[in-house]
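Asker: need a 3D model of the sequence below.
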Amino acid sequence: MQKIERSKFLALTGGAAAACAIPLPAFAAIESGVALHTATGSIFGTLLLPASAKPAPVVLLIAGSGPTDRDGNNPLLPGKNDSLKLLATALASRGVASLRYDKRGIAASAAAMTAEKDLRFDTYVDDAAGWAALLARDPRLSHITVAGHSEGSLLGMIAAQRGGVAAYVSLEGAGRPASTVIREQLRPALTPALLAQADTIIAQLNAGTVYTGAIPPELQSLFHASVQPYLISWFKYDPAVEIGKLKIPATIVQGTADVQVTMADAQALKAGDPGASLVVVPGMNHVLKISPDVSSRAAIIAGYTNPALPVAPPVISAVASAAKTK
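Answerer: Purely as a prediction, here's the structure:
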């Protein structure tokens, strides 16, 4: 049995720099580096502002799980997809600003990472809320929309509950607890005996306590001791419950060719917030692009690493519409 690499598994399942002008077709935009200062170090991001004489609505883009950077790229996958960078550029062309950032521990924000044993899911939530507060103080910006991709969907959902946000968008976000999704994705990869062992560990973590028994080598990268507190903090959240706590307009965007997060997840989120808008994009994969080949899982995933593929237009329209509605 092949060892399950936690970071790769999750990747397939979350001082200002000088501004410079970016030549873009039919519109002008200004891109600048920004930083969020935290107790453990600075987190760095990119603010893209459309040229406008009045404050622009802004979207806080939150990347998915694993070492995914601000542009939507993951070093564990070959090539780039640039999904969040492309989305930001498209939003700017519609008069919507955006802030995308490297999560703590990732790319330019690597130095802000705490020790793994001290990391919690809520640490990432605090960071997202911190970015929202920073944006709220910028006079060039008006109201804030939070748009989270994949694991970033839940992060943004909880951060948005803290206030100061006008709208929320889930982009390919899970609608079930992470423990349920992880077990489902482990099932085809493990022998029955290993799956039973994983079930035992997950049940213990779901109960809020660490697992102190022996962990098979194949499961070590997923469930080793220092990562268990993080998993406990993550497993306690049910996205279908959390979305129902929002008091702002919500939009759920889901592609039919996503082999990681399914229509069942989107429907669960919709059930949690019946008033949310559900945007279904035929043929769209997990990285917000229309897959050129949907004949197999491998063919769909191959579409993850082609930056020439544009972000699906319905995604751009859905996020822009949410950002402009107040």
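Asker: what ranges do the helices span in the stretch 101-250 of the chain?
Answerer: Assigned by DSSP state H, counting those that start in this stretch, the stretch 101-250 of the chain shows helices spanning 121-136, 151-160, 178-186, 192-206, 220-223, 228-235, 239-242.
Asker: mind listing what's buried along the fifth one?
Answerer: Neighbour counts over helix 220-223 (16 or more other C-beta atoms under 10 Å) mark 221-223 as buried. Heads up, the C-betas are built off the backbone N, CA and C, glycines and all.
Asker: what's the answer for the first one, then?
Answerer: Residues of helix 121-136 classed as buried: 121-129, 131-132, 134-135 (neighbour count, 16+ other C-beta under 10 Å).
Asker: closest one to Leu171 out of those residues, please.
Answerer: Using C-beta to C-beta, Ala128 comes nearest to Leu171 of these, at 14.1 Å.
Asker: in contact with that closest one, which residues?
Answerer: 60, 62, 146, 148, 155-156, 159 (C-beta atoms under 8 Å, 6 or more residues apart in numbering).
Asker: how about a markdown table for these, with neighbour count added?
Answerer: Shown next, in a markdown table, are those (neighbours: other C-beta atoms under 10 Å):
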| residue | neighbour count |
| --- | --- |
| Leu60 | 27 |
| Ile62 | 32 |
| Val146 | 32 |
| Gly148 | 27 |
| Leu155 | 30 |
| Gly156 | 29 |
| Ala159 | 28 |
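Asker: of all pairs in those, which one is the farthest apart?
Answerer: Going by C-beta to C-beta, the pair spanning the contacts of Ala128 furthest: Leu60 and Leu155, at 10.3 Å.
Asker: and stretch 298-313, how far from the chain's centre?
Answerer: 17 Å (C-alpha atoms, centre = their mean, to the nearest Å).
Asker: got a list of contacts for it?
Answerer: Contacts of stretch 298-313 (C-beta under 8 Å, 6+ apart): 12, 77-83, 86-87, 90, 255, 257, 259, 281, 284-294.
Asker: just give the nearest non-adjacent residue to the spatially most central residue of the chain, would you?
Answerer: With distances taken as C-alpha atoms, centre = their mean, the chain has Gly152 as the residue nearest its mean C-alpha position (2.5 Å). In space, and not counting its chain neighbours, Gly152 is closest to Ile62: 3.4 Å by C-beta to C-beta, 6 or more residues apart in numbering.
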